[in-house]
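A.B. asks: Build me a model from this:
(4 chains)
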Number of protein chains: 2
Amino acid sequence: MAPKVSDEYKTKKKIELLQAAKRVFITKGYTRATMQDVMDEAGVSRGALYAYFDNLEHLYLELLQFEDQQDAQFFTPIAGETSWQQITKWLYKQQSEIEKIEQTLSQANSEFFLSLKDQQKQQSYPYITTRYEKMVDVLTAFFAHGTTIGEFKPQLPPEAIARYFISVIDGLMLDTAHLGPEKTKVSEQMEALLFSLRAMLRPTQ
Amino acid sequence: MAPKVSDEYKTKKKIELLQAAKRVFITKGYTRATMQDVMDEAGVSRGALYAYFDNLEHLYLELLQFEDQQDAQFFTPIAGETSWQQITKWLYKQQSEIEKIEQTLSQANSEFFLSLKDQQKQQSYPYITTRYEKMVDVLTAFFAHGTTIGEFKPQLPPEAIARYFISVIDGLMLDTAHLGPEKTKVSEQMEALLFSLRAMLRPTQ
DNA sequence: TTGAAAAACGACATTTGTGTCGTTTATAAT
DNA sequence: ATTATAAACGACACAAATGTCGTTTTTCAA
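C.D. replies: Take a look at the predicted model:
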């Protein structure tokens, strides 16, 4: 049902497949999802799917990159908003994401990352490492900027705060993924994180 | 190679199998491990292993409980040591555990928990939920105790601090599991956690 | 209108793991 | 010793996925 077509067509098709895959991963997570599931969900044949993606791992990796690229630039300083306000806002966004974890890729993400234990694979997917480091960089730069404009008086190296920040979010996600948002008391923990950050950054109001 | 034997024998054998399983899970994680692997590692037949454990999930659950039961009682107040000192000590223990994550069940644990997404399964394994809640309780009680003896002046509800505490550790574990301890700068983050706790608990020296 | 290119199809061979079950074998009690 | 018991064995039938590949179908260009 489709021959010699434009690049545009192929891109479109690919995105379509990625979206079907996304739905699958959200409901089944990464480990329990199969290529078969994606075919079924997308209503496409075995051959078609494999023409676009070699295997589940590659498929997930592409989905990850595709999603990331939507998010991007969240921590570029915004005029008319203090850095502290920005953080708070971002945190609320994270919070609702975690609370709706059932409709999110978070669980699948964790599973995917864990599944790459192999050093071998780690090397073949520098993107994974890069992803983390980029996030560290973005946050570090953000904190540093807030400091230079005199908004923060950090009590710890900005980079340490950045990493710590990421850990808390990831941990909360992990725990919530298998216990549910009621059990982990997401909002309460966000408060605690906010409290910690205030202590670390000493925002000058 | 073994018939009609004492209960003691069976218990021994079971522990032996659990230990083999542990080795497997440490090197392969939960998702990639198979019953076959355990048989091979234990040098035992299919039939034998299945006589003790119905399937991988049950096997892991038993291993988990077995391991937990070794740990137990870590946060009972110790005479001659301040609560703060105890926390610090425990944190160092966690740190070295995370740094040696390759030789630990942490990764497998995360994988196992995530694999139980199903609400169905969640209910059939109340132990999983209990486990988390017990940890919360233990920490909460510990913080509360430190407060009543006037050692802490908590700025947040003890329970909130407890949950938060757990999240940070879990997050650090997760990240370290797939990036390695160098990338996540474990000790630096432990410092940050200590800093946070100090801000939250206000230990009176 | 036609035909070459290639997208999509789906049957198939393979692989890998599972859980069962009839058989063998070692133990402990008599 | 003998024997009933049940632990351990390992072949087997089954299931679920995977990746391949020859075939069919559709589109685009000439």
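
A.B. asks: Name the residue of chain A that lies nearest to chain B.
C.D. replies: At 2.6 Å from chain B, A:G171 is the closest residue in chain A, using C-beta to the nearest C-beta. (Each C-beta comes from the backbone N, C-alpha and C, glycine too.)

A.B. asks: Show the subsequent helix or strand relative to the strand or helix carrying that residue.
C.D. replies: Using DSSP states H and E, A:G171 falls within helix A:158-179. On the C-terminal side of helix A:158-179, the closest following helix or strand by DSSP H and E is helix A:181-184.

A.B. asks: those helices in chain A, which residues are they?
C.D. replies: A:7-28, A:35-42, A:46-52, A:56-71, A:83-99, A:106-115, A:119-124, A:126-148, A:158-179, A:181-184, A:186-201 (DSSP state H).

A.B. asks: Looking at those, spot the one closest to B:Y125.
C.D. replies: helix A:158-179 (10.4 Å; C-beta to C-beta).

A.B. asks: Now do that closest one against helix A:186-201, angle only.
C.D. replies: 170 degrees (axes from the mean of the first three to the mean of the last three C-alpha atoms, to 10 degrees).

A.B. asks: CA-only coordinates of helix A:158-179 in PDB, if you can.
C.D. replies: The C-alpha trace of helix A:158-179 is given here as PDB (Å, rounded to 0.1, in the frame of the first residue of the first chain):
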ATOM      1  CA  PRO A 158      25.900  24.700  41.200                       C
ATOM      2  CA  GLU A 159      26.800  21.400  39.500                       C
ATOM      3  CA  ALA A 160      26.300  19.500  42.700                       C
ATOM      4  CA  ILE A 161      22.900  21.100  43.200                       C
ATOM      5  CA  ALA A 162      22.000  20.200  39.600                       C
ATOM      6  CA  ARG A 163      22.900  16.500  39.900                       C
ATOM      7  CA  TYR A 164      21.100  16.300  43.200                       C
ATOM      8  CA  PHE A 165      18.000  18.000  41.700                       C
ATOM      9  CA  ILE A 166      17.900  15.300  39.000                       C
ATOM     10  CA  SER A 167      18.300  12.500  41.500                       C
ATOM     11  CA  VAL A 168      15.300  13.600  43.500                       C
ATOM     12  CA  ILE A 169      13.100  13.900  40.500                       C
ATOM     13  CA  ASP A 170      14.200  10.500  39.200                       C
ATOM     14  CA  GLY A 171      13.700   8.900  42.500                       C
ATOM     15  CA  LEU A 172      10.300  10.300  43.000                       C
ATOM     16  CA  MET A 173       9.400   9.100  39.500                       C
ATOM     17  CA  LEU A 174      10.700   5.600  40.100                       C
ATOM     18  CA  ASP A 175       8.900   5.200  43.400                       C
ATOM     19  CA  THR A 176       5.700   6.600  42.000                       C
ATOM     20  CA  ALA A 177       5.900   4.400  39.000                       C
ATOM     21  CA  HIS A 178       5.400   1.300  41.100                       C
ATOM     22  CA  LEU A 179       3.500   2.600  44.100                       C
END
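
A.B. asks: Specify the residue ranges that define each domain of chain A.
C.D. replies: Domains of chain A are assigned by automatic domain parsing as A:1-69, A:73-205.

A.B. asks: could these be laid out in TSV, adding mean pLDDT?
C.D. replies: Converted to TSV, those look like this (pLDDT from 0 to 100):
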stretch	mean pLDDT
domain A:1-69	93
domain A:73-205	93
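
A.B. asks: Out of the ones you listed, flag the one nearest B:E16.
C.D. replies: domain A:73-205 (25.8 Å).

A.B. asks: right, quick check: the closest one against DNA strand C, any contact?
C.D. replies: No - against DNA strand C, domain A:73-205 shows no contacts by C-beta under 7 Å from any atom of the strand, the least distance being 13.8 Å.

A.B. asks: Which single residue of chain A ends up nearest DNA strand C?
C.D. replies: Nearest to DNA strand C, among the residues of chain A, is A:G47, at 2.1 Å (C-beta to the nearest atom of the strand).

A.B. asks: Tell me how many other residues crowd that residue.
C.D. replies: 8 (other C-beta atoms under 10 Å in any protein chain shown).

A.B. asks: With A:L114 instead?
C.D. replies: So A:L114, with other C-beta under 10 Å, has 23 neighbours.

A.B. asks: Isn't it up against B:S115?
C.D. replies: No - using C-beta atoms under 8 Å, A:L114 is not in contact with B:S115; the gap is 10.0 Å.

A.B. asks: list the residues that contact both of these two?
C.D. replies: B:T31 (C-beta atoms under 8 Å, 6 or more residues apart in numbering or on different chains).

A.B. asks: Angles on the backbone of A:G150, please.
C.D. replies: phi 80, psi 20 (degrees, to the nearest 10).

A.B. asks: How much space separates it from A:A199?
C.D. replies: Look at A:G150 and A:A199: by C-beta to C-beta, to the nearest Å, they are 18 Å apart.

A.B. asks: Between the two, which has more neighbouring residues?
C.D. replies: Taking other C-beta under 10 Å, A:G150 and A:A199 do not tie; A:A199 has more neighbours (16 against 8).

A.B. asks: Without its sequence neighbours, what residue ends up closest to the more buried one?
C.D. replies: In this structure, A:A199 finds its nearest non-sequential neighbour in B:A199, 3.7 Å apart by C-beta to C-beta, 6 or more residues apart in numbering or on different chains.

A.B. asks: these two touch, right, that neighbour and B:L156?
C.D. replies: No - when contacts are counted by C-beta under 8 Å, B:A199 is not listed as touching B:L156 (9.5 Å).
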